[in-house]
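**Q** sequence first, then the predicted structure, then my questions.
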Amino acid sequence: MTDSTWHDLALLLCYWLAYFILHSVLASLGIKHRTALARPALMPAYRLAFNSLSLLLLLPILWHMFQHPGPVLWQWQGIGAWLANGLSLLACLAFIHSLKYYDIQEFLGLRQLRERTRKVEDQEHFHLSPFHRFVRHPWYFFGLILVWTRDMNAAMLLSSTMITLYFVIGSKLEEKKLLIYHGDAYRQYMKRVPGLIPLPWKHLSAKEAQEMLARTKHSAE
């Protein structure tokens, strides 16, 4: 690869690092608590503003990847291409299906804005969708399938690696908050279900998931 290509990849690495650091800082309970104390009137719009900023800041990174892809490293061919694209399609369909198990208005921040919610903590209760019986972070799992089933140029390989690392680190940071929100219920759940990659021997049956939710509801009352 040329010096220009290495320079472009170094810039892309810096962009991803800056994006992930900013994303983690703004998602942290510490920043939310400081905002709630200093500017409580801003809290109803915090989640919506956070999601909007996260999306907007992705655009220049994607543009850089498009403008400076670097050399092609591998491309899926024949049966491999069918398999890769089939897995991507299944991941997209699974993601769409999973939306019915989430409070999307709460996730986006629309509910907090409409109801003028100033609480720092997420408002969703502990729940287990069918996907959560097999992996604790199904959206991250679907994302991993999508990024690693694409044809790879240098920019895409670097980005896929950075996204994977962030999913690993980000899931750990997210679970620190979930343990604060849900306590022992989530701690027991973590022992039974893998974090990012489903494992055939480690999952909850539908009955076990219902029993776990029932115990959680009973302890909260």
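**A** Thanks, I have the structure now.
**Q** going by C-alpha atoms from here, please, whenever you check contacts or count neighbours.
**A** Fine.
**Q** which parts of this structure are strands?
**A** Taking DSSP state E as the criterion, the chain carries its strands at 72-74, 152-153.
**Q** paired strands for the longest one, with orientation please.
**A** Its sheet considered, strand 72-74 pairs with strand 152-153 (antiparallel) by DSSP bridges.
**Q** show residues contacting the strand it pairs with.
**A** Contacts to strand 152-153, defined as C-alpha atoms under 8 Å, 6 or more residues apart in numbering, come from residues 69-75.
**Q** counting neighbours, which of those comes out on top?
**A** Neighbour count (other C-alpha atoms under 10 Å) singles out G70 as the most crowded of these, with 21 neighbours.
**Q** is that one in contact with L157, as I believe?
**A** No: with contact defined as C-alpha atoms under 8 Å, G70 does not count as touching L157 (10.0 Å).
**Q** quick check: mean pLDDT of the lengthiest helix in the chain?
**A** Taking DSSP state H as the criterion, the chain has its longest helix at helix 154-182. Taken as a whole, helix 154-182 has a mean pLDDT of 93.
**Q** now stretch 23-35
**A** Mean predicted confidence for stretch 23-35 is 90.
**Q** how about that stretch: buried residues?
**A** Within stretch 23-35, the residues scored as buried using 16 or more other C-alpha atoms under 10 Å are 23-24, 26-28, 32-33, 35.
**Q** which of these fall within helices?
**A** 23-24, 26-27, 32-33, 35.
**Q** for this protein, what spans make up the helices?
**A** 3-27, 29-38, 46-67, 78-98, 104-108, 110-115, 138-148, 154-182, 184-192, 206-220.
**Q** please identify the deepest-packed of these.
**A** Among the helices of the chain, helix 138-148 has the highest mean neighbour count (mean count of other C-alpha atoms under 10 Å), at a mean of 19.
**Q** now that helix and helix 154-182, what's the angle there?
**A** 170 degrees (axes from the mean of the first three to the mean of the last three C-alpha atoms, to 10 degrees).
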